[in-house]
Structure formats: structure tokens, C-alpha cells
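J.: when you get a sec, could you give me coordinates for this:
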Amino acid sequence: MTYRLKAWTGILAFAVALVCVAALTRVPHAYAEQVTIDTGAPVVASACKVCHGQIAEVESDLVDFTHATHMWFACSNCHLSYPHTPAGTDVPAMVECWNCHGLQHGPMGLIAGDTCEKCHGARVERLRPESHVAEWAETPHVDPAENALRTECAMCHDRADCDTCHAERDVEWRSDGLTYDVGDGCLACHGNPDLAKASRGGSESYFVDEDVLDWSAHRDITCVECHVDFNYTGERGATPLWQVNAGLACLACHEGAYGERPAQAELVSAYEASIHGTLIAEGDYTSATCGSCHGGHSIARLDTDAARRELHFASERMCAQCHSAEWATYDDYYHGAPYKRRAGRDTPSCWDCHGSHEALPVSDPNSMMYPVNAVATCGECHRGSGEAFIEHSAGLIHGQSVARDENPLLRWWRSVRGGS
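T.: Presented below is the predicted three-dimensional model:
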């Protein structure tokens, strides 16, 4: 063996030894580092990757599914809880798939394919639920069908499937249809705090806090009952302006169409006759809708004194966003100033004087603050007050700052103090 060959052999042996030593020194560290997975926590990719370097494919002849196709979505979108149990792996129910598949998301269109064959290669007979027996029509099926009409049934069936059978048996059946009700499925995406969309004004969050919903007055209402533009049929409202449609979606329930809330129907009529409702009807979509004042997901229940107090002091949020000048001048000693300090429930909010749903311009003869009506309005608090009291006092409520500026003594005092 030549000297050069011996040298290369020695170098190679030394290199192999270094690699072996490096590998051996890393083994104890790898085994020493233990990872604890909280099975009660939300299912996130970082927890799954500890075991799943490559997410396993689903072995099923009933569904064509790959994790790779869904790699851009959070694990928790489908796996609502930790899927691995001693009994095996829990497979997400079809309703979790339906949160996206077939969803007509307003102007976005179809999010994912909704045809059966796209995900199910098996014959339809093999996919039929156990409850779908040959004697279905002869069994009591009306109540269970009505209960599941807009959920399980609507995943596979449409109105024609029912009508075909009923027509053969000369059965009359009236129903609102088979529009799928998403329930809280929208939260599969909108429950993500990082869900946002870039716009000209920056990034806008589309996150919906489930805890806020559970606390709100509408905790028992599903998403599509308010968001009519985002239901599973893709039907749009009367106007293409989503902001107005969403803001007026409240009317579907609160105008008493179902005969349940006649008192609220009166509020709707008052709004339609108000300055806000009139402007909307005339095409001025900058005017206030229900949502402009009341908000959306965070509308509070009014079953506690604390909630009613919070509503009373909500003028800045409800009114000042549009009427900023009036809010800025609402600072007199007995009304505005103590109200802004939340001094007590006897301090008047904007709607105590100007009305809420029925708000009208002061120049309107039907306005609560029209001169001939102001005596009765102010008399709610100032009992025994007459026209003279109103004439001398009403102008100071929003005119305190002007009165201070015009007061010669105050002007002199400001000059002595340096002009401020």
C-alpha cells in the first residue's frame, strides 16, 4: 500500500469515527427531550407534528380524502377535540366536512366542491345511513324529518327528493325548504383569532369570539339566520350592499313576521318612519341601520341591572360615531357632563331626549324636541316645567361651550390666565 493510499485511508477512518461519535452524542439528548401533549387543548399543527412527521393518509373505501389537500387549514377545523383515544381514532363527522363543502360564501362563491362523487367514490347504497330503511315512508318519519330537515337531511337531499315521493302518494307537504343550516359551523374558520383580510385601510379581522356569542342576546340563533348573504344556497338579499343587508337582517325576526314579538314590531315601524329608516329607503346607505347602533355579535342581554346600566351609557358608541359634533357639545353641568362621567341612571342619554328608533330631526313637527313637544319631553324629568323654562334652558344643553365663549366675565378671566 502506498503512502498516499494509507493517508487517505486514515482520513476516511477518522471522518467515519467523527460521524459515529456525533450521532451517539445526540441520541441521549433526543431521548431526554420529552414532549407532553395536552389532549384537552385545541388541536393545533405543532402538537400533531410531534408524532406525525407526515400525516397519514386515510384508508377508507367510502371516502376519498387526503390531508395534503387540506394542508392550508388548521387541524382544529375538522378535529374539534383530540382525535386519538384508547378505543381508536375518532373520525370527524360529515357535518364538519359540510362546514366548507358546498358553502356558498356570498361573493366568494363555492368554497369547496359539494358533489357527492367528489369525495365519495363508493356506490350510493353503501353510503346510506342505517336509518334509511326500505319502510321509511311507512314508519313515523314526519317528526324526525322535520327535526333534521335543515341539518342531516339537507346534506344529501333537496326538496325534490321529498316531493317525488309525496306526489306518488298524493300527500300535501308544506315546508320552508331544505336550506342547510350551518349552526355554529362558521366558527371552524371564524373562530380563529388570526383570521383577517387585507384591505386598502389595512388588515381587518374576521374573528368571532365564541365566548362573546355565548354571552350575547342571540346565543341561540345560528349564523345564517342573521347573515342572509352567507347561507348555503347563496341567495342574496334585496340589495347588493352587504353592509346594509347585514344591518337590516334583524328585521327578519324583529318585525314580528312570525307573530312572536309584536312589541318589537312597533319598534321596527318606528325605525322605518324615523330619519334613519327614511334615508335608507331613499337610497342613502350611509344612514344608520339596526347594526350601526346595536352592533352584531356582542348585543347584550338586558336581563340584569348591570346590562341595562351599560346600555344607558352607550350613547358615545351608538350615536357619537355619526353625531360627533353634537356629542362634543353635550357637556352642560346637569345633563352631558354627569352623563359622560356615568354619574347615575338619571342623567339623560341621547335617546331620552331625541328618541331611539323613532329619532327625527328637531325641525320635524313629530320630533320629541320640536318646540311644542319639548315641554312634554323635558317634563319627564323636570316635572311642572313650562314653555318659559324650556325656552330659556333647552338651548344650553348643547350650547354650553358657546355660552362660555360669549360670556364677557369668562372671556376676561381667560385673558387674565393667559387666554386658555
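
J.: please count neighbours and contacts with C-alpha atoms only from this point.
T.: Fine.

J.: would you map the strands across the stretch 151-300 of the chain?
T.: 196-199, 202-205 (DSSP state E, counting those that start in this stretch).

J.: these: lowest mean pLDDT?
T.: Out of these, strand 196-199 stands lowest, with a mean of 76 (criterion: mean pLDDT).

J.: neighbouring strands of it in the sheet, and parallel or not?
T.: Here strand 196-199 has these sheet partners by DSSP bridges: strand 202-205 (antiparallel).

J.: measure residue 60 to residue 118 for me?
T.: 15 Å (CA to CA, to the nearest Å).

J.: cool, and residue 416?
T.: 83 Å.

J.: what do you get for residue 79?
T.: 21 Å.

J.: looking at those two, which is more packed in?
T.: Neighbours per residue, other CA atoms under 10 Å: of residue 79 and residue 118, the larger number sits with residue 79, 18 against 12.

J.: tell me the contacts of that one?
T.: 43, 92 (CA atoms under 8 Å, 6 or more residues apart in numbering).

J.: run the chain-centre distance for stretch 304-320.
T.: Here stretch 304-320 is found 21 Å from its chain centre; the criterion is CA atoms, centre = their mean, to the nearest Å.

J.: list of residues touching that stretch?
T.: 292-294, 300-302, 326-327, 339-340, 342, 345, 349-350.

J.: now do the buried residues in stretch 334-348.
T.: 335, 336, 337, 338, 339, 340, 347, 348 (16 or more other CA atoms under 10 Å).

J.: would you say the third one is within a helix?
T.: Think residue 337. Yes. Assessed with DSSP: H, G, I helix; E, B strand; the rest coil, residue 337 lies in a helix.

J.: check residue 114 and give its pLDDT.
T.: pLDDT, residue 114: 66.

J.: hmm, back to that, need the max-distance pair from the contacts of stretch 304-320.
T.: 301 and 326 (28.2 Å; CA to CA).

J.: how about the helices in the stretch 301-420 of the chain?
T.: 305-312, 315-318, 324-328, 336-340, 350-354, 371-379, 387-397, 400-406, 408-416 (DSSP state H, counting those that start in this stretch).

J.: mean pLDDT and distance to residue 88 added to the ones you listed, as CSV?
T.: Output for the helices of the stretch 301-420 of the chain, formatted as CSV (pLDDT from 0 to 100; distance: least, CA to CA, whole Å):
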stretch, mean pLDDT, distance to residue 88
helix 305-312, 92, 46
helix 315-318, 95, 51
helix 324-328, 92, 60
helix 336-340, 95, 59
helix 350-354, 96, 60
helix 371-379, 92, 69
helix 387-397, 83, 70
helix 400-406, 70, 73
helix 408-416, 78, 80
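
J.: reformat the ones you listed as CSV; add distance to residue 211.
T.: Below are the helices of the stretch 301-420 of the chain laid out as CSV (distance: least, CA to CA, whole Å):
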stretch, distance to residue 211
helix 305-312, 16
helix 315-318, 21
helix 324-328, 31
helix 336-340, 29
helix 350-354, 30
helix 371-379, 39
helix 387-397, 40
helix 400-406, 42
helix 408-416, 51
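
J.: who's in contact with the residue nearest to residue 337 when sequence neighbours are not counted?
T.: Among residues not flanking residue 337 along the chain, residue 331 sits closest, at 4.6 Å (CA to CA, 6 or more residues apart in numbering). Applying CA under 8 Å, 6+ apart to residue 331 gives the contacts 337, 397, 398, 400, 401.

J.: now the fourth one. Nearest residue, chain neighbours left out?
T.: To tie it back to what came earlier, the one meant is residue 400. That would be residue 332: by CA to CA, 6+ apart, it lies 5.4 Å from residue 400.

J.: burial count for residue 88?
T.: So residue 88, with other CA under 10 Å, has 8 neighbours.
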